[in-house]
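Novice: What would the 3D arrangement of this be:
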Amino acid sequence: MSVAETTVMTDGVSTHDPDRCYDGYTLYCESYEDPSDSPDGTAKIHLVDMVGEEVHRWEVETALQSFAELRPNGNLLYPTRDRSDISEAGVREITPDSEGVWRYHCRIDHDFEVLENGNLLLHTITDDMAPAIGPGLKRNPYVLEVTPEKDVVWEWHGDDHFDDLRECLGDEQWTYVRDRIDEEYPFDWAHNNTCQVIPENETADRERARGDDPRFAPGNLTFSYRSLDVIGVIDRESGDIVWAWGPGELDGQHNPQVLPNGNVLLFDNGTRREYSRVLELDPLAESIEWEYAATPEDDFFSPYVSGVQRLPNGNTLVCEGFSARLFEVTPDGDVVWDFTNPFDDEGGLGNVYQCKRYDREYVEPLLEA
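Specialist: Next comes the predicted model:
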């Protein structure tokens, strides 16, 4: 694995190979527990171009963690930090001038997605007793779909599907999971960090071709139980967990997503392993089809947070969140764009949860506003 030769030392960019990069703008934010810790009392969300120049900035007076989503009209959706003041928690929409236009109050936690029908899929949390999981209070995953009018039209409680997980994993992996809950995570037993809708994909086609009910059918959801080193799929109609994998292979992972080719792309943190990797998994064969890791291995390590995005040119955008480093890597493992947050976001936590690359056409309405 190599680094591209074209190097630009400006605004956080140490490597930029324009002939092999996917051109566009990258959106990200540093995490803030309390924006009042910053000199001006605001948390910042940045949009940068390929040479690291900031082309737009939003400033908000709420906590920040996960990531933001740029809307086609130039507005921005973002969630507050999941363990912030409950009275301020939720997902918010703001204008290019950072003015609030919509808010949904909830215990937002790590992830959300804008659906094709305009609704929002939100991952939140509940703190409830769940005897099937173990004694004492449990923090449980709770996913809901909400309309722009704030009506809840679908919901899913992770503690209701604990037995599904056992059926999918089998005895050996279940022993691993049970030990993790009993010995390390008796309260925050799942720590789900993902709820993403599965798109049209070739794995679902393969399942149909062999006469199976497609577990990876478009519309189903992926999840990521970080505490248990488990990723999986939720059947949207039944609510059942229909596929799960990871114990003994994954280590504190984030951001699993099904690609059009049917494989699952994810960031495998390696929290205990002490080096990170990006994996592309064939979920039916349960085999790793592609992997990015550094040489030496510990040159690439984010024990917490982080994410990935497969770009239209086949490259992968990686957020090495713990060090606030964003980079683009080719299928051959060449780093062709490398950026570390250069902004002095005083009061922030120093990490970036995830990032997203947008093409130039998509960003035009914002820049022309």
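
Novice: the strands in the stretch 201-350 of the chain, which residues?
Specialist: Counting by DSSP state E, counting those that start in this stretch, the stretch 201-350 of the chain has strands at residues 221-225, 230-234, 241-245, 254-258, 264-268, 277-282, 287-292, 307-310, 316-320, 325-329, 335-340.

Novice: Now render these as JSON lines, adding mean neighbour count, distance to R357 and mean pLDDT.
Specialist: The way it works is simple: take the backbone N, C-alpha and C, and place the C-beta from them, glycine included. Rendered in JSON lines, the data for those read as follows (neighbours: other C-beta atoms under 10 Å; distance: least, C-beta to C-beta, whole Å; pLDDT from 0 to 100):
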{"stretch": "strand 221-225", "mean neighbour count": "26", "distance to R357": "20", "mean pLDDT": "98"}
{"stretch": "strand 230-234", "mean neighbour count": "26", "distance to R357": "23", "mean pLDDT": "98"}
{"stretch": "strand 241-245", "mean neighbour count": "22", "distance to R357": "27", "mean pLDDT": "98"}
{"stretch": "strand 254-258", "mean neighbour count": "25", "distance to R357": "14", "mean pLDDT": "98"}
{"stretch": "strand 264-268", "mean neighbour count": "25", "distance to R357": "14", "mean pLDDT": "99"}
{"stretch": "strand 277-282", "mean neighbour count": "21", "distance to R357": "15", "mean pLDDT": "98"}
{"stretch": "strand 287-292", "mean neighbour count": "14", "distance to R357": "16", "mean pLDDT": "98"}
{"stretch": "strand 307-310", "mean neighbour count": "22", "distance to R357": "6", "mean pLDDT": "98"}
{"stretch": "strand 316-320", "mean neighbour count": "24", "distance to R357": "5", "mean pLDDT": "98"}
{"stretch": "strand 325-329", "mean neighbour count": "23", "distance to R357": "8", "mean pLDDT": "98"}
{"stretch": "strand 335-340", "mean neighbour count": "22", "distance to R357": "9", "mean pLDDT": "98"}
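
Novice: quick one, which of the ones you listed is nearest to L70?
Specialist: strand 307-310 (13.2 Å; C-beta to C-beta).

Novice: Could you export that closest one as CSV, CA atoms only?
Specialist: What follows is strand 307-310, C-alpha atoms only, in CSV (Å, rounded to 0.1, in the frame of the first residue of the first chain):
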residue,chain,number,x,y,z
GLY,A,307,-16.7,5.5,9.5
VAL,A,308,-16.4,4.8,5.8
GLN,A,309,-18.0,5.8,2.5
ARG,A,310,-17.7,4.0,-0.9
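
Novice: Sheet-wise, list the partners of that strand with their directions.
Specialist: Its sheet considered, strand 307-310 pairs with strand 316-320 (antiparallel) by DSSP bridges.

Novice: Contacts for the strand it pairs with next, please.
Specialist: For strand 316-320, contacts defined as C-beta atoms under 8 Å, 6 or more residues apart in numbering pick out 22, 26, 28, 265, 267, 276, 278, 292, 300-302, 305-311, 325-329, 352-357.

Novice: Starting from the biggest helix by length in the chain, tell me the next helix or strand along the chain.
Specialist: In the chain, assigned by DSSP state H, the helix with the most residues is helix 162-183. Of the helices and strands lying after helix 162-183 in sequence (DSSP states H and E), the nearest is strand 192-197.

Novice: Please compute how far that next one lies from its chain's middle.
Specialist: 7 Å (C-alpha atoms, centre = their mean, to the nearest Å).

Novice: How about stretch 270-283?
Specialist: With C-alpha atoms, centre = their mean, you get 14 Å for stretch 270-283.

Novice: Would you work out how far apart the start and end of that stretch are?
Specialist: One end of stretch 270-283 sits 20 Å from the other (C-alpha to C-alpha, to the nearest Å).

Novice: Check stretch 205-218 too.
Specialist: 10 Å.

Novice: which residue is nearest the centroid of the chain?
Specialist: Among the residues of the chain, the one closest to the centroid is N255, at 3.8 Å (C-alpha atoms, centre = their mean).

Novice: hang on, that residue packs against L266?
Specialist: Yes - using C-beta atoms under 8 Å, N255 is in contact with L266, at 5.9 Å.

Novice: which neighbours do those two share?
Specialist: In contact with both N255 and L266: S224, V308, using C-beta under 8 Å, 6+ apart.

Novice: who touches the longest helix of the chain?
Specialist: Outside helix 162-183, the residues touching it (C-beta under 8 Å, 6+ apart) are 130, 132-134, 189, 227-230, 232, 240-248.

Novice: Just give the closest residue to N313, not the sequence neighbours.
Specialist: Y22 (4.6 Å; C-beta to C-beta, 6 or more residues apart in numbering).

Novice: Just the pLDDT at the one you found, thanks.
Specialist: For Y22, the pLDDT comes out at 98.

Novice: mind listing what's buried in the longest helix of the chain?
Specialist: F162, D164, L165, R166, C168, L169, Q173, W174, V177, R180, I181 (16 or more other C-beta atoms under 10 Å).

Novice: Domains of the chain: list them as residue ranges, please.
Specialist: 1-75+308-369, 106-304 (automatic domain parsing).

Novice: Out of these, which gets nearest to D97?
Specialist: Closest among those, using C-beta to C-beta: domain 1-75+308-369, at 8.4 Å.

Novice: Determine how far that closest one lies from the middle of the whole chain.
Specialist: On C-alpha atoms, centre = their mean, the centre of domain 1-75+308-369 falls 14 Å from the chain's centre.

Novice: do stretch 266-285 as well
Specialist: With C-alpha atoms, centre = their mean, you get 14 Å for stretch 266-285.

Novice: Over to stretch 109-119?
Specialist: Worked out by C-alpha atoms, centre = their mean, stretch 109-119 lies 12 Å from the chain centre.

Novice: how about it: buried residues?
Specialist: D109, H110, D111, F112, E113, N119.
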